[in-house]
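Q: Build me a structure from this.
(one chain, ligands or ions: 1)
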Amino acid sequence: MAYTPGSEVRRDGIRLRPVGEPDLAMLRRFAVEPGLLGLDWHGFRDPVAAERRHAADGWLGEHDGRLVVEVEDEPAAAGFVSYRHGVYGGTAGYREIGIVLLPPWRGRGIGWRAQALLCDYLFLHTPVQRVQAGTHPENVAEQRALERAGFQREGVVRAAEFRGGRWCDALLYSRLRDDPSPWDRPAEREWPGPDAVHPAG
Ligand SMILES: CC(C)(COP(=O)(O)OP(=O)(O)OC[C@H]1O[C@@H](n2cnc3c(N)ncnc32)[C@H](O)[C@@H]1OP(=O)(O)O)[C@@H](O)C(=O)NCCC(=O)NCCS
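A: Sure thing, here's the model as predicted:
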């Protein structure tokens, strides 16, 4: 991938950027609004934690962090992506990524692009070989978005999380550094841009 300064986290009118002070209101909402996170809602969380973390390192930790998803020409954040360091087999570090978009931005082709951009970013700035992501068996939108972003489904992780009063399975996906880039795939159809509204579920 050719590196052009400033270009590595923007494509197709979407960019990833560090969290700024004005984004903290959005992050607070995810901590206290049931359902806004989708299936990842696990009850109320400390809404001021977002400010503390922002003051500590701007959400740009080496081992975990967040970047805001922004549709260019729009002043507001559409959501955020996250990354977290993990290790398999002693020294084999990987990153696990996550994403949440605010409801008005879902189903517009932003989610898969944001996750593909985050992979580009991680492969560019860390030597990591493997990026993984988990999702829920009922989250068809995220399964499709991960596949569009170049991830492959690895399997079912049984009883991976406790939500909604019971233990639930998760689906595990991964993308390796040398896997085909989703940007190289020929467009199935002309993308109308992030402002075109498609039905979201
Ligand atoms: C999951 C999420 C990130 C997906 O991003 P998105 O921008 O809505 O998805 P995209 O528009 O990029 O669509 C990607 C693919 O999913 C499909 N898709 C989108 N929404 C869908 C829906 N509700 N049901 C079924 N398929 C859907 C699209 O058609 C597209 O498939 P295609 O490549 O075959 O055309 C977003 O909907 C979201 O933030 N949801 C709430 C939080 C969440 O679930 N996060 C993930 C937790 S694991």
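
Q: Would you state the strands of the protein in chain order?
A: Applying DSSP state E to the chain gives strands spanning 10-11, 14-17, 64-71, 77-88, 92-101, 130-135, 152-163, 166-176.

Q: Pipe those into CSV and attach mean pLDDT and mean neighbour count per row.
A: Any C-beta I mention is one placed from the backbone N, CA and C, and that applies to glycine too. Listed next are the strands of the chain as CSV, based on pLDDT from 0 to 100; neighbours: other C-beta atoms under 10 Å:
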stretch, mean pLDDT, mean neighbour count
strand 10-11, 94, 16
strand 14-17, 96, 20
strand 64-71, 97, 22
strand 77-88, 97, 18
strand 92-101, 96, 19
strand 130-135, 98, 21
strand 152-163, 97, 12
strand 166-176, 98, 17
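
Q: Tabulate the ones you listed in CSV, adding columns for distance to the ligand.
A: Shown next, in CSV, are those (distance: least, C-beta to the nearest ligand atom, whole Å):
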stretch, distance to the ligand
strand 10-11, 13
strand 14-17, 10
strand 64-71, 9
strand 77-88, 6
strand 92-101, 4
strand 130-135, 4
strand 152-163, 10
strand 166-176, 8
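
Q: Tell me which of these sits nearest to Leu39.
A: In terms of C-beta to C-beta, the element of these nearest to Leu39 is strand 152-163, at 6.8 Å.

Q: List the strands paired with the closest one, with their directions.
A: Strands that pair with strand 152-163, judged by DSSP bridges, come out as strand 166-176 (antiparallel).

Q: quick one, the partner strand and strand 92-101 angle?
A: Computed by axes from the mean of the first three to the mean of the last three C-alpha atoms, to 10 degrees, the angle separating strand 166-176 from strand 92-101 equals 110 degrees.

Q: For strand 166-176, output the C-alpha coordinates as CSV.
A: Extracted C-alpha coordinates of strand 166-176, given in CSV (Å, rounded to 0.1, in the frame of the first residue of the first chain):
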residue,chain,number,x,y,z
ARG,A,166,-28.0,-15.3,29.3
TRP,A,167,-24.8,-16.6,27.9
CYS,A,168,-24.6,-16.2,24.1
ASP,A,169,-22.3,-17.5,21.4
ALA,A,170,-20.3,-15.1,19.2
LEU,A,171,-19.0,-15.3,15.7
LEU,A,172,-15.3,-14.8,15.2
TYR,A,173,-13.8,-13.2,12.0
SER,A,174,-10.3,-12.3,11.0
ARG,A,175,-8.3,-10.5,8.4
LEU,A,176,-4.6,-11.2,7.9
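
Q: what does the model give Gly6 for pLDDT?
A: Note on Gly6: pLDDT of 55.

Q: Could you count how many residues lie near the residue lying closest to Arg53 once chain neighbours are set aside?
A: Counting by C-beta to C-beta, 6 or more residues apart in numbering, Arg53 lies nearest to Trp59, which is 5.8 Å off, once chain neighbours are set aside. Number of residues near Trp59 (other C-beta atoms under 10 Å) recorded here: 21.
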